[in-house]
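[1] When you get a sec, could you give me coordinates for this:
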Amino acid sequence: VVQTEDNGVPPAASAESLPTDPVQVALTPPTAPQTLTAVEGDNIVTLNWAAPASDGNTPITGYLIERKTTGDFAPIANTSPSTALTYDDTTAINGTTYTYRVAAINAVDTGPYSNEVIATPAPVSDFVITVAVTAGDLTFTLPHDSGGTFDYNISTDDAGATLPTLPITAWNAPNTITFSGAGTWTVTYSPNGDPNTGMPNVFFDNIPEAAKVRTVENFGNMGWANALGAFYGCSNMTAFNGNGDVSGVLSMSRMFRGCTALASLTNTGSWDVSGVVNMLNMFRDCTSLTAIDTSGWVTTALTNAARLFQGCTSLTSQPAVGTWDMLGVTDIEYMYQECSSLIGEPDIDGWNVTTVVDGTDFMSFYNLDQLSSAWYNGVLAAWNLQAVQNKVPINFRDAVATGAGLVDRQALIDDHSWLIEDGA
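    I've put the predicted structure just below:
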């Protein structure tokens with residue numbers, strides 16, 4: 001019997017009694033893994049990445065690892081069923097440059113590839129470079145500064161090369177290699193005894209030999225004690241792999257100055273620079289660099305940061321300086337001068353500038369229209385609270401203070417005789 005309402009029409013079904021269809025969710029391949037990085041070791045490359053933003057609505061089951069030297073990529077591993085976000089390529093061979101990429105896998109398909117990374121494995125201790133020689137000059141000599149203990153061997157991929165008497169045990173001992181023909185050759189400098197000693201410095205310092213350097217494949221753990229002028233004038237060096245130990249280095253002054261072709265600077269963010277006192281001119285006129293990784297730098301001992309990034313006209317991303325310990329630093333003059341492509345503002349409002357005595361042209365010829373009033377006001381407010389030195393000249397390019405920032409600016413001028421150049 002069907003019950004009816006007074007008009008004879010059956011009552012409508014309640015919402016609770018209506019059947020419901022399950023929600024249909026589209027299943028897709030996962031998106032690309034994120035921020036792939038590579039760490040080189042001795043016959044090993046360790047890859048690390050972040051999970052994709054989307055798993056495609058079905059769990060990721062593994063990752064496809066691909067590698068190439070030249071030509072096309074080829075798979076070297078499928079990590080399924082592991083979903084670990086790291087992979088050790090233990091088939092990598094020292095001295096060979098590899099390019100890697102990673103894709104995520106789910107039940108639907110393999111997704112798109114991550115960013116590509118380049119890695120050249122090498123013994124952690126070895127200092128590995130490539131040099132180019134011509135038919136008119138088949139020799140290469142690695143220059144050193146005096147001081148420290150030297151004890152290292154030399155090898156090269158040129159089987160016909162003539163090597164000096166080994167090991168090299170003095171800074172001025174003959175270390176010239178004569179290659180069998182013109183071309184670009186790989187040279188490996190290895191500690192002779194203690195695996196982390198043997199070469200306290202390299203000192204090209206703008207001599208003609210510097211022009212022969214093409215890349216640093218591995219900086220190594222050679223017992224580095226001084227990087228003063230190390231690669232100054234290596235104007236044809238296109239890539240530098242900072243994999244190595246710089247914890248004993250005292251000076252990085254003009255380390256990369258004039259490396260105008262240097263476009264790839266890797267594995268420097270983890271450098272232990274806590275003992276470095278001097279960074280004067282460190283990256284000056286590195287006109288091809290777009291990024292400098294200083295993300296892990298602790299500058300406890302630093303006293304001189306003058307001209308640090310001066311003339312880096314292609315630099316677009318801000319070096320990480322916000323956590324730098326600037327107490328003790330006296331010189332920041334010309335530090336950002338002619339950084340004419342930098343996007344945004346440097347993170348400097350947290351700096352302790354109580355020991356700074358010279359900021360002449362600190363940001364002169366910086367990229368126009370990048371320095372906001374909000375940023376400038378914050379810097380002025382923070383610095384005005386400090387017991388700063390008197391008569392400090394400082395340049396903030398075209399920045400304009402507003403509101404309370406004007407008060408802080410005037411206080412630095414009235415109370416400390418600062419000589420401020422800005423957009424006012």
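[2] Am I right that Ile413 sits in a helix?
    Yes: counting by DSSP: H, G, I helix; E, B strand; the rest coil, Ile413 is located in a helix.
[3] ok, it touching Ala424?
    No: applying C-beta atoms under 8 Å as the test, Ile413 and Ala424 come out as separate, 10.8 Å apart. Every residue, glycine included, has its C-beta placed from N, CA and C.
[4] Quick one: low-confidence residue ranges for the stretch 51-200 of the chain.
    Applying pLDDT under 70 to the stretch 51-200 of the chain flags no residue at all.
[5] Not counting sequence-adjacent ones, nearest residue to the residue nearest to the spatial centre of the chain?
    Central residue of the chain (C-alpha atoms, centre = their mean): Asp293, 2.7 Å from the mean position. With C-beta to C-beta, 6 or more residues apart in numbering as the criterion, Asp293 has its nearest non-adjacent residue at 3.7 Å, and that residue is Gly269.
[6] Local confidence estimate at the one you found?
    Here, the pLDDT recorded for Gly269 equals 94.
[7] Glu40 and Asn48, how far apart?
    Distance of Glu40 to Asn48, computed by C-beta to C-beta, to the nearest Å: 13 Å.
[8] And Ala227, by the same measure?
    Remark: distance between Ala227 and Asn48 (C-beta to C-beta) = 27 Å.
[9] that older thread, settle it for me: which of Glu40 and Asn48 has more neighbours?
    Ranked by neighbour count (other C-beta atoms under 10 Å), Glu40 and Asn48 place Glu40 first, with 26 against 15.
[10] Can you say which helix or strand has that one in it?
    If you go by DSSP states H and E, Glu40 is part of strand 34-41.
[11] quick one: buried residues of that strand?
    Judged by neighbour count (16 or more other C-beta atoms under 10 Å), strand 34-41 contains these buried residues: 36-41.
[12] rewinding a little: for the residue nearest to the centre of the chain, what are its contacts?
    With contact taken as C-beta atoms under 8 Å, 6 or more residues apart in numbering, Asp293 is in contact with 265-269, 319-320.
[13] List the ones among these that fall in strands.
    265-266 (DSSP state E).
[14] Put together TSV for the contacts of Asp293, with neighbour count and distance to Asn172 on each row.
    Shown next, in TSV, are the contacts of Asp293 (neighbours: other C-beta atoms under 10 Å; distance: C-beta to C-beta, whole Å):
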residue	neighbour count	distance to Asn172
Leu265	22	30
Thr266	20	32
Asn267	19	30
Thr268	20	29
Gly269	15	35
Pro319	23	36
Ala320	16	39
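[15] The spatially closest residue to Ala161 that is not a sequence neighbour: what's it in contact with?
    Using C-beta to C-beta, 6+ apart and skipping the chain neighbours, the partner closest in space to Ala161 is Phe179 (4.9 Å). The neighbourhood of Phe179, defined by C-beta under 8 Å, 6+ apart, consists of 133, 138-140, 156, 158, 160-161, 185.
[16] distance of Phe179 from Glu217?
    Phe179 is 17 Å from Glu217, by C-beta to C-beta.
[17] And for Ala239, the neighbour number?
    Applying other C-beta under 10 Å, we find 18 residues neighbouring Ala239.
[18] That one against Phe219, yeah?
    No: using C-beta under 8 Å, Ala239 makes no contact with Phe219, being 11.6 Å away.
[19] hmm, back to that, how far does the strand holding Glu40 sit from the chain's center?
    Relative to the centre of its chain, strand 34-41 is centred 12 Å away, using C-alpha atoms, centre = their mean, to the nearest Å.
[20] counting contacts, what elements does that strand pack onto?
    Identification of packing neighbours for strand 34-41 by 3 or more C-beta pairs under 8 Å, 6 or more residues apart in numbering; DSSP states H and E yields strand 44-50, strand 98-106, strand 117-119.
[21] Go again with 10 Å.
    On a contact count with 3 or more C-beta pairs under 10 Å, 6 or more residues apart in numbering; DSSP states H and E, strand 34-41 meets strand 44-50, strand 86-89, strand 98-106, strand 117-119, strand 213-218, strand 264-266.
[22] Next, the contact list for the nearest residue to Thr176 once chain neighbours are set aside, please.
    Of all residues not flanking Thr176 in the chain, Thr141 sits nearest, at 4.5 Å (C-beta to C-beta, 6+ apart). Applying C-beta atoms under 10 Å, 6 or more residues apart in numbering, we find Thr141 in contact with 164, 174-177, 207, 209, 212.
[23] Need the buried ones from those residues selected in PyMOL.
    In PyMOL syntax, the buried subset of the contacts of Thr141 is picked out as below (16+ other C-beta under 10 Å):
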select buried, resi 175+177+209+212
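[24] Mind picking the two most distant members of the contacts of Thr141?
    Pro164 and Ile207 (18.3 Å; C-beta to C-beta).
[25] buried stuff in stretch 186-200?
    Of the residues in stretch 186-200, 186-192, 196-200 count as buried by neighbour count, 16+ other C-beta under 10 Å.
[26] can you give me the strands in the stretch 251-400 of the chain?
    For the stretch 251-400 of the chain, the strands defined by DSSP state E, counting those that start in this stretch cover 264-266, 393-395.
[27] For these, which has the smallest mean pLDDT value?
    Lowest mean pLDDT of the strands of the stretch 251-400 of the chain: strand 264-266, a mean of 94.
[28] Show me what that strand packs onto, helices and strands only.
    Contacts defined by 3+ C-beta pairs under 10 Å, 6+ apart place strand 264-266 against strand 34-41, strand 117-119, strand 213-218, strand 239-241.
[29] what would these look like in TSV with distance to Ser364?
    Shown next, in TSV, are these (distance: least, C-beta to C-beta, whole Å):
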stretch	distance to Ser364
strand 34-41	35
strand 117-119	35
strand 213-218	31
strand 239-241	28
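[30] Nearest to Ala84, out of those?
    strand 34-41 (13.9 Å).
[31] The helix or strand hosting Thr188 pairs with which strands, and in what direction?
    Element membership of Thr188, judged by DSSP H and E, is strand 183-191. Note on strand 183-191: by DSSP bridges, its sheet partners are strand 127-133 (antiparallel), strand 152-156 (antiparallel).
[32] Touching the last one from outside, list them.
    The contact list for strand 152-156, computed with C-beta under 10 Å, 6+ apart, reads 95, 125-128, 131, 140, 142, 161-164, 166-169, 175-177, 179-180, 185-193, 197-199, 222-223.
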